[in-house]
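# Next come a sequence and a model predicted from it.
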Amino acid sequence: MVLVDTTLWSLALRRRRSQLSPEEQVLLEAWAALVKAGRACLIGPIRQEVLSGIRREEQFQAIREQLGAFRYLDILPLDYDEAASFFNRCRAAGIAGTPVDMLLCAVAHRCCVPIFTTDEDFPRYAQHLPLRLYRAAADKDEDAV
C-alpha cells in the first residue's frame, strides 16, 4: 500500500490532462499504476482536502464518488498523539508542519506505508521522522526512500 497525499489526488482527479507538465504526467502515470495495482490508499482528512474548494456540484459529486472506491487507512486515537509528537520534533528542528501533514506521517508510520506526495515539506519531515516517501520513478521492487 502507498498513502497518497492530497497533491496527487488533486492532480489526478481535479486537473485536465492537457494542463499537465511532463513532470506531472510522470506523477500521474505513477499514481495510475498504484491505482491499477490496488495499492493507492488515503485517509479521511485527505478526502476532505481534495473535495474542498470544488465550485461545481456535479464535479464535487463525481470526485466524491471516485474517492469512495479507494481503501482508507483508519485513524486511531494514538495517531493524534503521535502526530503531535512529530509536530514537536519537527518544530524543535525548525520545521513547521501542519496538523494534517503530521497526522498523515503518523498514520503512514503506524501502518508501515510510504507517502506519495509532491509537497516539498515531506522530504524535510523525513529528515527528522521515521518516514518513507514513495518515488514515482522508483523501481517497482524498491518504491520508497
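Arrived safely. Computed from a predicted model, the values in this text were never measured in an experiment.
# all strands of this structure, in order?
2-4, 40-42, 71-72, 115-116 (DSSP state E).
# List of residues touching the second one?
It refers to strand 40-42. Outside of strand 40-42, the residues within contact range by C-beta atoms under 8 Å, 6 or more residues apart in numbering are 1-4, 9, 31, 34, 67, 70-73, 113, 116. From N, CA and C alone the C-beta is placed, and that goes for glycine too.
# now do the third one
When contacts are defined by C-beta under 8 Å, 6+ apart, strand 71-72 is touched by residues 1, 38, 40-44, 47.
# before we move on, back to that, would JSON lines of the strands of the chain with mean pLDDT and distance to Ala126 be doable?
Formatted as JSON lines, these follow (pLDDT from 0 to 100; distance: least, C-beta to C-beta, whole Å):
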{"stretch": "strand 2-4", "mean pLDDT": "98", "distance to Ala126": "13"}
{"stretch": "strand 40-42", "mean pLDDT": "98", "distance to Ala126": "19"}
{"stretch": "strand 71-72", "mean pLDDT": "98", "distance to Ala126": "23"}
{"stretch": "strand 115-116", "mean pLDDT": "98", "distance to Ala126": "9"}
